[in-house]
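Novice: below are the sequence and a predicted model for it; my questions follow.
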Amino acid sequence: MTVKLIECIPNFSEARRPEVIDAIKNEIQSVEGIRILDVHSDLDHNRTVVTFIGDPEAVEVAAYKAIARAADLINLEEHRGEHPRIGASDVVPFVPISGVTMSDCVEIARRLGKKVGDTLDIPVYLYEDATSRPECKNLEDIRRGQYENLKLVIGTDPLRAPDFGPKQMGRAGATVIGARQPLIAYNIYLTTGDVTIAEKVARRVRNSSGGLHFVKAMGVLVEGRAQVSMNLTNFKKTPMAQVTEMVRREAERYGTGIHHSELVGLVPNAALIDAARWYMQMDQFEPPQLLETRLFEESGKPGEANTREGEDLLDAIASASPTPGGGSASAHTAAVASALVAMVGRLTIGKPKYLEVEPEMWPMIEKAEDLRQYLQEAVKLDAEAYESIVSARRLPRDTDEKKLERAQAILNATIHAAVVPLDVAGKALQVLEMAARMVEIGNLNAITDASAAANLAYAAIKGAALNVQVNLLGMENENEPASLLERITVIRRSADDLISIVKEYLKQRSQLTM
């Protein structure tokens, strides 16, 4: 079973107050399953980079807690440092490591951005893969003019408006949140204190000035020494050795050289292997020749994967036990339909042909995931509702009082057993509505998947409706049961109308694929 891991590398505008960094670290470490891999503080930059890793849910929680804590402790009005910044939590990128996709990281960035904007009143910008705005793709464009300038124009310049949160900045500034590929923060110190030389070298090296692709660079003064501060966004296409040699060559033009270099945070093994292969001319070297790599491979072989949750459910349904039964199966079917809706949405975003509908896709993906989680939980809730009826029927009835108590308990349990599938049907109808929309505007290559989602949701509604009706059999004339039956009738009619619309959409758009 593949372990799901995401790396988060938040940059905080503080390095000179250790107690502040410790407080932020404590917030991150308070989340179960989170492991901090590295903490790098630079006093001249007055900036700290924390690298932590964990499963997607834990990483999202830890990132929010860190942003909230930094907002309490860091005042941008008082902050001074060499590094450009616009916020207390200046930039928070998510990087897929294992068992997750870039799309997963994008969704985390968007959810976190909305939560930070809504609950902390911090303007949030999405960048790199998480943004659909060309002007916000690059971090340096968002940070143009830094905190001091951004707070003046954020409310009046549409191009500088945040994706989430208020169009005004408080003491915590703004935060940039995104998803990206692994990045190497790489600094080279020169044998001079003349920062103008570092600035000239950076100008020749960085891509935006006609230098190397996938290199962002600037010249700064750190501890009295000129530094070429760089971000390498694709070390496979522009290796570290190539960057180092270009910096060396450019520095020599001004009568200086390389004093030493440093990494900020972590670096992939492959990047250093490439550098070693280049400098040591080991053309035949392969990564498996590393002792640690071989040991990791041998010790890290997975055993037999655990039985998947879906397979466990199918086995339980197929057993002689009355639970889980049709109600649980309907909830599970609706959850599968919701998962398909999310899949079609993810296959639609990022495609040039569907840019116009992308803003509509994101909310549907998020809603589909919420519905999927609810429906998965409803599988258990339906089984528990049936068990409550069985338990009520086992209550003693040896006195008139106990007979009345037992009858009331059975009635309450029976009505509850009808409410659960009614809720499932209502949620499945929402899934069906989204599936219909996906059939209408989603990626044409996934139209059959959207149609499958619609039909599964429709089947789930029919199955859940049967459970409502069976549980309320004989109680049709009572107030509460009658109300429940009326609601399920409305849901079924709406589902019938929607499935007819889906068939029409499918017929119309299928002609486009011929």
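Specialist: Sure, I can see it.
Novice: domains of the protein: list them as residue ranges, please.
Specialist: Under the assignment automatic domain parsing, the domains of the chain span 5-179, 184-291, 309-513.
Novice: tabulate those in TSV, adding columns for mean neighbour count.
Specialist: Using the backbone N, CA and C atoms, a C-beta is placed for each residue, glycine as well. Shown next, in TSV, are the domains of the chain (neighbours: other CB atoms under 10 Å):
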stretch	mean neighbour count
domain 5-179	20
domain 184-291	17
domain 309-513	18
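Novice: right, and residue 3 touches residue 99 too?
Specialist: Yes - with contact defined as CB atoms under 8 Å, residue 3 counts as touching residue 99 (5.8 Å).
Novice: so what's residue 338 closest to, chain neighbours aside?
Specialist: Distances taken as CB to CB, 6 or more residues apart in numbering place residue 372 nearest to residue 338, at 4.0 Å, with adjacent residues excluded.
Novice: A helix includes that neighbour, no?
Specialist: Yes - checked against DSSP: H, G, I helix; E, B strand; the rest coil, residue 372 lies within a helix.
Novice: mind listing what it touches?
Specialist: 335, 338-339, 342 (CB atoms under 8 Å, 6 or more residues apart in numbering).
Novice: same thing but 10 Å
Specialist: 334-342, 427, 431 (CB atoms under 10 Å, 6 or more residues apart in numbering).
Novice: closest one of these to residue 167?
Specialist: Taking CB to CB as the measure, residue 167 sits nearest to residue 342 out of the contacts of residue 372, at 30.7 Å.
Novice: give me the common contacts of residue 3 and residue 99.
Specialist: In terms of CB under 10 Å, 6+ apart, residue 3 and residue 99 are both contacted by the residues residue 55.
Novice: which of the contacts of residue 372 fall within helices?
Specialist: If you go by DSSP state H, the contacts of residue 372 have 334-342, 427, 431 in helices.
Novice: just the pLDDT at residue 299, thanks.
Specialist: You'll see residue 299 listed with a pLDDT of 52.
Novice: what secondary structure does residue 178 sit in?
Specialist: Applying three-state DSSP: residue 178 is strand.
Novice: give me the contact list for stretch 195-203.
Specialist: For stretch 195-203, the surrounding residues in contact (CB under 10 Å, 6+ apart) are 82, 188-192, 194, 209-211, 215-222, 224-230, 246-256.
Novice: now with 6 Å, please.
Specialist: Stretch 195-203 is contacted by residues 190, 209, 217-219, 221, 226-228, 247, 250-251, 254, 256 when judged by CB atoms under 6 Å, 6 or more residues apart in numbering.
Novice: what is the nearest of the contacts of residue 372 to residue 242?
Specialist: Within the contacts of residue 372, proximity to residue 242 (CB to CB) peaks at residue 342, which comes in at 40.6 Å.
Novice: pipe the domains of the chain into a markdown table and attach mean pLDDT per row.
Specialist: As requested, those are exported to a markdown table (pLDDT from 0 to 100):
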| stretch | mean pLDDT |
| --- | --- |
| domain 5-179 | 94 |
| domain 184-291 | 92 |
| domain 309-513 | 88 |
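Novice: dump the ones in helices among the contacts of residue 372 into JSON lines; add distance to residue 162 as well.
Specialist: Output for the ones in helices among the contacts of residue 372, formatted as JSON lines (distance: CB to CB, whole Å):
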{"residue": "334", "distance to residue 162": "36"}
{"residue": "335", "distance to residue 162": "34"}
{"residue": "336", "distance to residue 162": "36"}
{"residue": "337", "distance to residue 162": "34"}
{"residue": "338", "distance to residue 162": "30"}
{"residue": "339", "distance to residue 162": "31"}
{"residue": "340", "distance to residue 162": "33"}
{"residue": "341", "distance to residue 162": "28"}
{"residue": "342", "distance to residue 162": "26"}
{"residue": "427", "distance to residue 162": "32"}
{"residue": "431", "distance to residue 162": "31"}
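Novice: of those, closest to residue 116?
Specialist: Using CB to CB, residue 342 is the member of the ones in helices among the contacts of residue 372 that lies nearest residue 116, at 22.8 Å.
Novice: which residues touch the closest one?
Specialist: Going by CB under 6 Å, 6+ apart, residue 342 touches 365, 368-369.
Novice: one more time with 7 Å
Specialist: Applying CB atoms under 7 Å, 6 or more residues apart in numbering to residue 342 gives the contacts 365, 368-369, 372.
Novice: then residue 322?
Specialist: By CB under 7 Å, 6+ apart, the contact set of residue 322 is residue 386.
Novice: got a list of what residue 179 touches?
Specialist: Applying CB under 7 Å, 6+ apart, we find residue 179 in contact with 93-94, 102, 105-106, 109, 128-130.
Novice: hmm, back to that, export the contacts of residue 342 to a markdown table and tack on distance to residue 478?
Specialist: Listed next are the contacts of residue 342 as a markdown table, based on distance: CB to CB, whole Å:
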| residue | distance to residue 478 |
| --- | --- |
| 365 | 41 |
| 368 | 36 |
| 369 | 37 |
| 372 | 34 |
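Novice: could you dump those residues to CSV with secondary structure and distance to residue 46?
Specialist: Putting the contacts of residue 342 into CSV (DSSP: H, G, I helix; E, B strand; the rest coil; distance: CB to CB, whole Å) gives the following:
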residue, secondary structure, distance to residue 46
365, helix, 38
368, helix, 42
369, helix, 38
372, helix, 43
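Novice: from residue 118, how far out is the residue nearest to the spatial centre of the chain?
Specialist: For the chain, residue 108 is the residue whose C-alpha lies nearest the centre (CA atoms, centre = their mean; 1.8 Å). From residue 108 over to residue 118 the distance is 16 Å, taken as CB to CB, to the nearest Å.
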